[in-house]
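1. Here you go, sequence then predicted model.
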2 protein chains.
Amino acid sequence: MSTIPARRRRATIHDVAVEAGVSRGTVSRVVNDEPYVSEQARIAIEAAIEKVGYVPNNAARSLVMQRSQAVGFIVHEPHSLFLEDPNIGGILLGANTALSSADYQMVCLIIDSDRDNDRVARYLSGGFVDGVIIVSARQNDPITRIVEKLALPSVFVGHPPDLRQLPFVGIDNRSSARAITERLIGTGRKRIGMIAAALDRDSGADRLAGFRDALGPRFDPALVEDVPLYAFSAGVDGMRRLLERAPDLDGVFAASDAVAAGALEALREAGRSVPGDVGVVGFDDSAWALRCQPPLSTVHQPAAGLGEAAAESVLAQLRGEEPDLGGILLDTPIVWRDSA
Amino acid sequence: MSTIPARRRRATIHDVAVEAGVSRGTVSRVVNDEPYVSEQARIAIEAAIEKVGYVPNNAARSLVMQRSQAVGFIVHEPHSLFLEDPNIGGILLGANTALSSADYQMVCLIIDSDRDNDRVARYLSGGFVDGVIIVSARQNDPITRIVEKLALPSVFVGHPPDLRQLPFVGIDNRSSARAITERLIGTGRKRIGMIAAALDRDSGADRLAGFRDALGPRFDPALVEDVPLYAFSAGVDGMRRLLERAPDLDGVFAASDAVAAGALEALREAGRSVPGDVGVVGFDDSAWALRCQPPLSTVHQPAAGLGEAAAESVLAQLRGEEPDLGGILLDTPIVWRDSA
């Protein structure tokens, strides 16, 4: 179509030189702000740059310096994270804000298949990023291996089980779960159950452990219902099963706000009032918590703070500082609303 | 700390040469798979590469070819998109799948401030990506301008008002809104209102236009409530105001499923049954639609399909094909459930 400008080829320094009627060396001196160029030539070259649409190739220049001025943000399990996890958006935006302030470009890379895994590993090897933030890594992950091999400044959000000598930022799921369960016990509830989720992840297993810590000798495994995902529908199913087994239940700790929202739905369906008959608490303080009727008492996850802390850790490593291998744990205040 | 391996410096070809006791040229020939290297030297070099952890710098190599084998995915308005829009995850994953099949790395870039705008524009200029997918661009956007200037293969998801000669993929919001409103009219409702959202975006304005098309002469502006965002809380507020003004209302078209979920909440609060007293329809067919009680009748947005179509358009341009400037519109089937 005639309306399309020459889209196929990027303008080069050669095009500028031809347009301005000067040598490529002169163009190069103007582009790199070097001296010894006549004012006349400079004006002609600037006009030619504008006319042919030339833009200097910064990538090539920064690669010579072994610096891309970019930091990767790697998302594993994108289906569950992007479509179900309320924290991922906050983590992304927090990291972007911190990197942006330091003039780094955040590039988010998604791993959704083995093919992605291999290609992202090649990308990281290729010098396109100076450091990397990794969300939701699994055991024996090829990305973790390549990051170690390249000695790339890196940080994990969350704490995969086999994390060796790599820094991480996260929250203390176990003590947070313990704290909210203790608060629920403090309201006078006697038969408290839990809808535990994602026990194959450290976050899920730690939240169950914290619940158990809080109850101590009163912990009753029959009051724990185990669901696969941190999801609304899992909360509905889990709560229904828990009510069948323990109709006298008067308190529930749901492993996430989405699970708690599902639990509220199942309690409503069963004709139980909240918090009158049953007190319900969640985990995350996501948008779900305020949408629920009644609004949820829950544990606040500092999603943006996690992203910022992760970015700050990578930036510190890029400045040559030693990473804190003990991990950085952020505070998780309890937000008490009306559901318990 | 003594437990940290040498993380500070990336191994170079020089380190390999020293370790193997050969020249850098010989290492280079092995790395680039060139002939005239003895089997003995090759084995020594491969062992040295493994030992020092050397990885060839593909970025530098691909820049010489003016190809990065990466495609940018630019997200504007990340707060509303990542934290409220149910489609963004699906679009991202669809694009990633299609690019991955073609062995392209998708790099997602977030624009959350003017500073991000400038830096992303520089990044695009820098040769780090071969093409770009742009979600939710605004008028007179610096990114749009730089993409045009660079003649970078590009595609928009959605259709910003001033999109000139750049290809896009999207849905026909107007005719989709008309179709679902007609279906709602077909259930026998007489007083149908709309909670219109985001009228400053083409999607919001087009959905209102489609609603108006369907009602024709029966359109009553007093039955349209205007809310700023496609959000649950906006739906609650909009529905409350609509009920105050028109208590005899018997049908509602909410501009998105999240808005519809909020409307259901306000209707429940007001003691109206759905679909008994009021029929409610939404737009998106997101996770909200199935979570609602009753499940929503809505317009299906093909989020993953939009991402795939956008990626295919960029890939076709990278193969040298002419983009379809008329735009690609995907089908939006109506999914009829229980809310109307």
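-> Sure, I can see it.
2. Strands along chain A, start to end?
-> Applying DSSP state E to chain A gives strands spanning A:70-76, A:105-111, A:131-135, A:154-157, A:168-171, A:192-197, A:224-227, A:251-254, A:279-281, A:298-299, A:328-330, A:334-335.
3. domain ranges for chain A?
-> By the assignment in automatic domain parsing, chain A contains the domains A:13-56, A:70-170+A:304-329, A:173-299.
4. Tell me which of the ones you listed approaches chain B most closely.
-> When the domains of chain A are compared by CB to the nearest CB, domain A:70-170+A:304-329 sits nearest chain B, at 3.2 Å. Heads up, the C-betas are built off the backbone N, CA and C, glycines and all.
5. Do me a favour and get the end-to-end distance for that closest one?
-> Domain A:70-170+A:304-329 has its terminal residues 25 Å apart, counting by CA to CA, to the nearest Å.
6. wait, which of the domains of chain A is closest to B:G186?
-> Among the domains of chain A, domain A:173-299 comes nearest to B:G186, with 30.1 Å by CB to CB.
7. can the closest one be found next to chain B?
-> Yes: legend: contact between domain A:173-299 and chain B by CB under 8 Å from any CB of the partner chain is shown at A:232-233, A:265, A:287, A:290-291, A:293.
8. What of stretch A:111-129?
-> Yes: contact between stretch A:111-129 and chain B, assessed by CB under 8 Å from any CB, occurs at A:112-113, A:115-116, A:119-120, A:122-123, A:125-128.
9. mind putting the strands of chain A in CSV, mean neighbour count included?
-> Converted to CSV, the strands of chain A look like this (neighbours: other CB atoms under 10 Å in any protein chain shown):
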stretch, mean neighbour count
strand A:70-76, 25
strand A:105-111, 26
strand A:131-135, 25
strand A:154-157, 27
strand A:168-171, 24
strand A:192-197, 26
strand A:224-227, 21
strand A:251-254, 30
strand A:279-281, 26
strand A:298-299, 28
strand A:328-330, 16
strand A:334-335, 16
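10. closest one to A:P142 among those?
-> Going by CB to CB, the one of the strands of chain A nearest A:P142 is strand A:105-111, 9.2 Å.
11. what packs against the closest one?
-> Packing partners of strand A:105-111 (3 or more CB pairs under 8 Å, 6 or more residues apart in numbering or on different chains; DSSP states H and E): strand A:70-76, helix A:88-101, helix A:114-125, helix B:87-101, strand B:105-111, helix B:114-125.
12. ok, back up a step: nearest to B:V278, out of the domains of chain A?
-> When the domains of chain A are ranked by proximity to B:V278 (CB to CB), domain A:173-299 comes first, at 18.5 Å.
13. can you count the residues close to A:Q165?
-> 12 (other CB atoms under 10 Å in any protein chain shown).
14. nope, A:E312 is what I meant
-> By other CB under 10 Å, the residues close to A:E312 number 18.
15. which residues does it contact?
-> Residues near A:E312 by CB atoms under 8 Å, 6 or more residues apart in numbering or on different chains: A:A98.
16. Would you mind giving the domains of chain A as CSV with distance to B:L249 and mean pLDDT added?
-> Below are the domains of chain A laid out as CSV (distance: least, CB to CB, whole Å; pLDDT from 0 to 100):
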stretch, distance to B:L249, mean pLDDT
domain A:13-56, 55, 83
domain A:70-170+A:304-329, 32, 86
domain A:173-299, 22, 95
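17. Could you check how many residues crowd around the closest residue to A:C292 other than its chain neighbours?
-> Leaving aside its chain neighbours, A:C292 sits nearest to A:A261 (5.2 Å; criterion: CB to CB, 6 or more residues apart in numbering or on different chains). Neighbour count of A:A261, defined by other CB under 10 Å: 25.
18. do you know how far A:A261 is from A:W288?
-> Between A:A261 and A:W288 the computed distance is 5 Å (CB to CB, to the nearest Å).
19. next one: A:T26
-> From A:T26 to A:W288 the distance is 62 Å (CB to CB).
20. next one: A:L92
-> Applying CB to CB to A:L92 and A:W288 gives a distance of 18 Å.
21. on that earlier part again, of the helices and strands packed on strand A:105-111, which is nearest B:R337?
-> That would be helix B:87-101 among those, by CB to CB, at 18.7 Å.
22. Can you list the buried residues in the closest one?
-> Buried residues in helix B:87-101, counted by 16 or more other CB atoms under 10 Å in any protein chain shown: B:87-100.
23. Which single one of those residues is nearest to chain A?
-> Using CB to the nearest CB, the buried residues of helix B:87-101 come closest to chain A at B:G89, 3.2 Å.
24. Check the contact between the closest one and B:A303; I expect there is one.
-> Yes: counting by CB atoms under 8 Å, B:A303 is a contact partner of B:G89 at 7.5 Å.
25. sorry, back to before: now the residue nearest to A:C292: how far from B:V55?
-> 46 Å.
26. that older thread, out of the buried residues of helix B:87-101, who's near chain A?
-> Near chain A, by the rule CB under 8 Å from any CB, you find B:88-90, B:92-93, B:96-97, B:100 out of the buried residues of helix B:87-101.
27. Can you say which two of these are spatially most distant?
-> B:I88 and B:S100 (18.1 Å).
28. quick revisit: closest to A:F211 out of the helices and strands packed on strand A:105-111?
-> That would be helix A:88-101 among these, by CB to CB, at 24.3 Å.
29. Tell me what angle the closest one forms with strand A:105-111.
-> 150 degrees (axes from the mean of the first three to the mean of the last three CA atoms, to 10 degrees).
30. Centre of the chain to helix A:88-101, how far?
-> Mean C-alpha position of helix A:88-101 versus that of the full chain (CA atoms, centre = their mean, to the nearest Å) differs by 9 Å.
31. Could you tell me which other helices and strands it packs against?
-> strand A:70-76, strand A:105-111, strand A:131-135, helix A:303-318, helix B:78-84, strand B:105-111, helix B:114-125.
32. what do you get if the cut-off is 7 Å, keeping everything else the same?
-> strand A:70-76, strand A:105-111, strand A:131-135, helix A:303-318, helix B:78-84, helix B:114-125 (3 or more CB pairs under 7 Å, 6 or more residues apart in numbering or on different chains; DSSP states H and E).
33. ok, the closest residue to A:R145 other than its chain neighbours - contacts?
-> Excluding the flanking residues, the one nearest A:R145 by CB to CB, 6+ apart is A:A121, at 8.0 Å. By CB atoms under 7 Å, 6 or more residues apart in numbering or on different chains, A:A121 lies in contact with A:142-143, A:146.
34. burial measure for A:N117, as a count.
-> 16.
35. Could you pull up the residues touching it?
-> A:111, A:142-143.
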